[in-house]
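A.B. asks: Structure for this input, please:
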Amino acid sequence: MAKTGLFDLENHFSFYGAYHSNPVNIFIHMLFVWPILFTALVFLYFTPTLLNVSLPHGLVLNYGFLFTVIYAGFYVCLDVKAGSVAGLLCFICWVFGSFLAQHLGFSVAWKFVLAAQVFCWTGQFIGHGVFEKRAPALFDNLSQAFVMAPFFVLLEGMQMTVGYEPYPGFHASVKAKVDANIKEWKESKKKL
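C.D. replies: Residues are numbered from 1 along each chain as shown. Model (predicted):
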């Protein structure tokens, strides 16, 4: 069943999809989006503890945990099945990102995070510039691009591998909206 407003998956997916219609660019994003989230959580391990709760293996309830809960909860609200998979992946990234951060220590971790972020973001910008030939979605809607990117590539992967649809007709409806958005964008470029 389609939702509306903030939890309108079809609207979010069609917006993001309009900036990611080239198969090579989609593949590049599938490679680099989750590592961006993972390394961000490595960095966020070093933020202040929000709640003094004793967790095993040195895990702490900090801003990394808070972002993980927000992302996971939002994804589940968008679509329970795919959102649960995405939420689980977010928590796995938080746990293993925390372990890696503990192991590396801040003096090495920030260098690792910086190198990984630069590498992954560069790959995505190349994907947009060379293959998509359209600026990234983050230039038009920063928050939606950052929040939706991990879920978008997961949903794309689930659709490609197992034919997953959140509800019947989802992909056909999204494709029609994406095609209309791209057509409108191309026509606006001609006017310039």
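A.B. asks: could you say what helices and strands the longest helix along the chain packs with?
C.D. replies: Ordering each helix of the chain by length in residues (DSSP state H) puts helix 80-104 first. Applying 3 or more CB pairs under 8 Å, 6 or more residues apart in numbering; DSSP states H and E, we find helix 80-104 packed against helix 23-44, helix 63-78, helix 106-126, helix 142-162. For glycine as for every other residue, the C-beta is placed from the backbone atoms N, C-alpha and C.
A.B. asks: Identify each buried residue in that helix, please.
C.D. replies: Buried residues in helix 80-104, counted by 16 or more other CB atoms under 10 Å: 82-83, 85-87, 89-91, 93-95, 97-98, 100-101, 104.
A.B. asks: out of these, who's nearest Lys111?
C.D. replies: Within the buried residues of helix 80-104, distances to Lys111 taken as CB to CB reach their minimum at Leu104, with 8.7 Å.
A.B. asks: quick one, what contacts that closest one?
C.D. replies: 42, 112 (CB atoms under 8 Å, 6 or more residues apart in numbering).
A.B. asks: so how far is Trp121 from it?
C.D. replies: Using CB to CB, to the nearest Å, we find Leu104 at a distance of 20 Å from Trp121.
A.B. asks: so where's this structure uncertain?
C.D. replies: 1-2, 192 (pLDDT under 70).
A.B. asks: again, only this time at 80
C.D. replies: The model of the chain has pLDDT under 80 over residues 1-5, 54, 143-145, 191-192.
A.B. asks: Format the helices and strands packed on helix 80-104 as JSON lines; extra columns: distance to Asn11 and mean neighbour count.
C.D. replies: Output for the helices and strands packed on helix 80-104, formatted as JSON lines (distance: least, CB to CB, whole Å; neighbours: other CB atoms under 10 Å):
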{"stretch": "helix 23-44", "distance to Asn11": "19", "mean neighbour count": "19"}
{"stretch": "helix 63-78", "distance to Asn11": "10", "mean neighbour count": "19"}
{"stretch": "helix 106-126", "distance to Asn11": "22", "mean neighbour count": "15"}
{"stretch": "helix 142-162", "distance to Asn11": "10", "mean neighbour count": "18"}
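A.B. asks: okay, those in TSV with distance to Asn52 next?
C.D. replies: Shown next, in TSV, are those (distance: least, CB to CB, whole Å):
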stretch	distance to Asn52
helix 23-44	18
helix 63-78	13
helix 106-126	20
helix 142-162	28
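A.B. asks: Go through the ones you listed and name the closest to Asp179.
C.D. replies: So among the helices and strands packed on helix 80-104, helix 23-44 is nearest, using CB to CB, at 15.2 Å.
A.B. asks: Quick one: residues in contact with the closest one.
C.D. replies: With CB under 8 Å, 6+ apart as the criterion, helix 23-44 contacts 20, 62-64, 67-68, 71, 89-90, 93-94, 96-98, 100-101, 104, 109-110, 112-113, 116-117, 119-121, 123-124, 126-128, 131-132, 149-150, 152-153, 156-157.
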